[in-house]
Every structure is written in structure tokens, then in C-alpha cells.
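Enquirer: okay, predicted coordinates and the sequence, questions at the end:
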Amino acid sequence: MRHLSWMMVAILSPLLCFGDNLTPSINDIMSLEDQKATGVIRLTQEQKRALAEWFVKHGYYQMQASVNYNNTLTVFLNIGSGQKIMLSDNTVWEVSPDDQTLASSWLGSNPVQLTDSSNQAFPYLMTNLRTQQSIKVKKSSL
């Protein structure tokens, strides 16, 4: 029965993901590993849909029509008002507490560039190519 349930999810997922073209699937927002770690995996499909809608409504997820223009990384998701940034390549970056206020204003589709920084705790500098503002980051997970 459990195998059949996963098969149904696999078959129906494409239909459920963007059925109304306004709300993403929770699978677009969270990896399977994160869903398991947070208990989201145990929610019903209706609860998962409601959670995805909550993410969108409260600005934790911004859908975008296209990403990765000319192999340029772009901001895909601003998490926790600038605490973390997910890029168009699905990498997640933790933002230095000193830079979270600045990062909170970064919107989806802003092109960014990553370079090395001299800060050992946050060894990368993420530069918003539209504003030329930079924040210190380190690789993270959701």
C-alpha cells in the first residue's frame, strides 16, 4: 500500500505542482530531505498545498517565470527576511547576521555573483549585480 501511495504521488505530482499556475508544490519549495527532517513529509496533500500557499503569501517563496539568464545566478528565494538566500541553481546560502537587513530587500530574479571573501566564518561575498551591494555568506541548507 505504501509503495502504491508513493507511485500515486509520483504520477499526480506534475498535475498538482502548478495546477492553478499560482501556487507551487511544496516539492518546489523544499527538498525531500528537508520535508523528512521537518515532518512536512507526513502532511496530507491538502496540508502541503496550504503550506506552500502560506510560503507564497508571506513572501518566503517568490515564483519567477525564468531564471539563470546567460548562466548568471539569480536570487530564487529570500528565506526568513534575509537570513538565507536560495539561488537559481538551488544552492542555499546563510547570510551573516550583520548583512541580513540588507539581504532582506533582495528580490527574486536579481542577478548575483559569488566571490571569495576574507571572512573565515562567511567565506563568500554575494554581490547583487543590480544594486552592487554585497553580503557575506556561507553555504548552507534549508
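Expert: Done, it's in.
Enquirer: can we go C-alpha only for contacts and neighbour counts from here?
Expert: Noted.
Enquirer: where do the strands of this protein begin and end?
Expert: 73-79, 84-87, 92-95, 111-116, 124-128, 134-140 (DSSP state E).
Enquirer: which of those sits most buried?
Expert: Each of the strands of the chain was scored by mean neighbour count; the highest is strand 84-87, a mean of 25, by mean count of other C-alpha atoms under 10 Å.
Enquirer: quick check: which helices or strands does that one pack against?
Expert: For strand 84-87, the elements it packs on are strand 73-79, strand 92-95, judged by 3 or more C-alpha pairs under 8 Å, 6 or more residues apart in numbering; DSSP states H and E.
Enquirer: worst mean pLDDT among those strands?
Expert: Ranked by mean pLDDT, the helices and strands packed on strand 84-87 end with strand 73-79 in last place, scoring a mean of 89.
Enquirer: what residues sit buried inside stretch 27-46?
Expert: Using 16 or more other C-alpha atoms under 10 Å as the test for burial, stretch 27-46 gives 27, 29, 35, 40-41.
Enquirer: not counting sequence-adjacent ones, nearest residue to Thr74?
Expert: Pro111 (4.1 Å; C-alpha to C-alpha, 6 or more residues apart in numbering).
Enquirer: now do that neighbour against Thr131, distance only.
Expert: Remark: distance between Pro111 and Thr131 (C-alpha to C-alpha, to the nearest Å) = 10 Å.
Enquirer: try Leu51
Expert: Taken as C-alpha to C-alpha, the span from Leu51 to Thr131 is 32 Å.
Enquirer: okay, those two: which has more neighbours?
Expert: Leu51 (17 against 11; other C-alpha atoms under 10 Å).
Enquirer: per-residue pLDDT of the more buried one, please?
Expert: For Leu51, the pLDDT comes out at 85.
Enquirer: for it, what are its contacts?
Expert: Ile26 (C-alpha atoms under 8 Å, 6 or more residues apart in numbering).
Enquirer: can you tell me who the nearest residue to Lys84 once chain neighbours are set aside pairs with across the strands?
Expert: In space, and not counting its chain neighbours, Lys84 is closest to Glu94: 4.5 Å by C-alpha to C-alpha, 6+ apart. Under DSSP bridges, the beta-bridge partners of Glu94 are Lys84, Lys138.
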